[in-house]
Every structure is written in structure tokens, then in C-alpha cells.
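Engineer: When you get a sec, could you give me coordinates for this:
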Amino acid sequence: MLVCFTPLQPDNILVADVARGIVKLLDFGLSARPVHGIAHARIGTHEWSPEEVVTSLSGYNAYRVDAWMLGCVLFFMRAGCRPVKEARRGDW
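Structural biologist: The predicted structure is shown next:
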């Protein structure tokens with residue numbers, strides 16, 4: 001069973017044990033099991049979401065969105081800031 005987490009952002013990540021490298025995800029209230037990987041709900045924080053979540057009318061690939069959000073979190077961990085201030089059509 002694959003679950004799309006969707007609100008993947010630094011606020012929802014807990015480092016439980018640094019020495020053992022244990023990381024936990026929090027706030028599964030918005031997670032879902034999309035049908036054939038396609039989701040339609042516009043959920044999560046727009047600052048961490050790709051354009052297709054904000055603008056899509058026909059749905060988006062929820063697994064790719066999770067991968068995008070993970071990339072944004074990794075960018076934030078390295079750079080100390082978000083890659084974009086707010087998801088807008090002209091950002092991509």
C-alpha cells in the first residue's frame with residue numbers, strides 16, 4: 001500500500017534519534033492513497049508545493065509531488081531557505 005504524504009515540509013519532520021539516524025514524519029492528517037497515483041485535492045502548504053498542485057484542474061501525480069517536496073526540504077536543509085517564496089505560475 002503506497003501512501004502519499006503530501007504536507008512534506010520541515011515542520012512535519014522529527015529527528016527522533018540523531019545518533020541512530022531515526023527520522024519520523026508527523027501530521028498524517030492530509031496523507032492519502034491516490035487512485036492510480038492521481039490526486040485532486042489541493043492540500044498542503046503552497047510554499048512547498050509544485051505548480052501542478054496549485055494550478056491543476058485534472059489532478060496531479062501525487063508521488064511526484066512527494067518527491068518534489070522532499071527535494072524542497074533537502075534544499076532547505078542545505079541552503080537554510082525555501083527554494084521559492086510562494087508557488088506561482090511564473091516560478092517554473
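Engineer: low pLDDT regions in the protein?
Structural biologist: Low-confidence segments of the chain (pLDDT under 70): 1-6, 29-32, 34-37, 40-46, 85-92.
Engineer: ok, which stretches of it are strands?
Structural biologist: Ranges of strands in the chain, per DSSP state E, are 13-17, 22-25, 38-39, 60-61.
Engineer: Could you list every helix and strand in contact with the longest one?
Structural biologist: Here strand 13-17 touches strand 22-25, going by 3 or more CB pairs under 8 Å, 6 or more residues apart in numbering; DSSP states H and E. Every residue, glycine included, has its C-beta placed from N, CA and C.
Engineer: follow-up on the earlier one: redo the strands of the chain as TSV? Include distance to Gly80.
Structural biologist: Converted to TSV, the strands of the chain look like this (distance: least, CB to CB, whole Å):
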stretch	distance to Gly80
strand 13-17	15
strand 22-25	19
strand 38-39	30
strand 60-61	28
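Engineer: out of those strands, deepest packed?
Structural biologist: Mean neighbour count (mean count of other CB atoms under 10 Å) peaks for strand 60-61 among those, with a mean of 21.
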